[in-house]
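>>> what follows is a predicted protein model with its sequence.
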Amino acid sequence: MNTNTQKPFEHGFMLSLLLLAIGGLIWLFTPFISALFLSLMIAIATFSKYEQLQNRFSSNNSALLTTLLVTIVLILPLGYILLISTLEISTSIQAINHDFDFDKITQIFNQTVAKLPLSDAIKSTLSTALNNNLGTFLISVKDFSIVILKSIVSLSSHFILFLIIVTFTLYYFYIDGKKIVKRIKSLSPLETHLNDILLNQFKNLSMTLVGSVFLIALLQGVIFSITIMIIGLPALYFGIAMALASFIPLLGGLIIWLPLSLYLYAQGQTTDTLIVALSGAVVLGFIVDNLARPSIIKLLSKKSNGANTLDHTLITVLSTLAGIIQFGILGLFIGPIIAAMAISIFDIYSIKYNKDRFDS
């Protein structure tokens, strides 16, 4: 009798200790969360290569070779992009803060409206509406842009330590990956098949996100670089900017090519404006974002044998923006992963309790 009365308290106490331990670890590793998360996603996406090398080498040597390969092919280029983007973004933040000329921007907008193929009455109404609301809108855009840019710089400013942590943890994720998964399953109170669904979903999402994001970024960056090269502007700068912006579905490319095309139009460069607008709206916006991106995601989902949870466009866009604000540039990955995993957990809840309802 005494044992039975103590069991609920013992269970509750152990659960409290477990939650306290998890909370303590999360608090302890908070400075490295972004690096650990990226390292985990890369390890999951490339784990099959590590297993292939295990057929020929020992576990330690296979982990070392895979880590070196991933570092050369993926982590060092990412570090270079972060370094370049830090320098450019820091300059942009200073320019936005010190050179923000409201009168000049208003003049550009008025010149753009004046050149539109509309009647004088419509132009007058549009110009009045812009002048009345443009100030508040521009200040909001300025503040939001600075928040996003500072979030990106916050990671890039200590990217050397970040790269060291990613590389170091990647090696041990290869070696201890199966042990970690086994330990998570043993601690989880869920049924075995539900644990498998959840872990497989995280694996598939990581592989799909890492692959699709970098492929789309490369594609959009190269296409926009060629476009910018045609009109005689610095191709590398705008190509990197477009590649980084393209991580945000639908909205990313728009924040690069639309202001540029409006500026070129206000300067009277109609041909260049047309080239940039067509490249941005048709090639990048429609063909790449609306046709190529879903196709690449579906292809990678099929290869990883996973459900395509990234089809929820609104949630993907919002979680990407929120992820950038919360985690810096790696929020481009972390935000959608968290949102997609939440959807997966809702699905598991439905599978578990709808089944129980039908069984009862």
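Received the coordinates, thanks.
>>> every contact and neighbour count from this point should use C-alpha atoms.
Will do.
>>> ok, and the closest non-adjacent residue to Met242?
The shortest distance from Met242 to any residue that is not its chain neighbour, by CA to CA, 6 or more residues apart in numbering, is 5.3 Å, and that residue is Gly221.
>>> dump the residue contacts of that neighbour.
Phe238, Gly239, Ile240, Ala241, Met242, Ala243 (CA atoms under 8 Å, 6 or more residues apart in numbering).
>>> again, 7 Å this time
Gly239, Ile240, Met242, Ala243 (CA atoms under 7 Å, 6 or more residues apart in numbering).
>>> and it, how far from Thr320?
Applying CA to CA, to the nearest Å, one obtains 19 Å for the distance of Gly221 from Thr320.
>>> one more: Ser344?
The span separating Ser344 from Thr320 equals 17 Å under the rule CA to CA.
>>> and this structure, what are its domains?
Structural domains assigned to the chain are 32-187, 189-352, following automatic domain parsing.
>>> return the most buried member of those.
For those, ranked by mean neighbour count under the definition mean count of other CA atoms under 10 Å, the leader is domain 189-352 at a mean of 19.
>>> circling back to that earlier point, and the domains of the chain, which one's lowest on average pLDDT?
When those are ranked by mean pLDDT, domain 32-187 comes last with a mean of 74.
>>> how far does that domain stretch from start to finish?
Using CA to CA, the distance between the terminal residues of domain 32-187 is 24 Å.
>>> show me which helix runs longest in this protein.
Criterion DSSP state H: the longest helix present in the chain is helix 192-231.
>>> what segments of the stretch 151-300 of the chain are helices?
Per DSSP state H, counting those that start in this stretch, the stretch 151-300 of the chain has helices spanning 159-187, 192-231, 235-245, 254-266, 270-278, 293-303. These are given in chain order.
>>> Gly285 is nearest to which of those helices?
Shortest separation from Gly285 across these is recorded for helix 254-266, at 7.7 Å, computed as CA to CA.
>>> just want the angle from that closest one to helix 270-278.
Following axes from the mean of the first three to the mean of the last three CA atoms, to 10 degrees, one obtains 160 degrees for the angle between helix 254-266 and helix 270-278.
>>> and helix 254-266, what other elements does it pack with?
helix 102-114, helix 270-278 (3 or more CA pairs under 7 Å, 6 or more residues apart in numbering; DSSP states H and E).
>>> all set, thanks.
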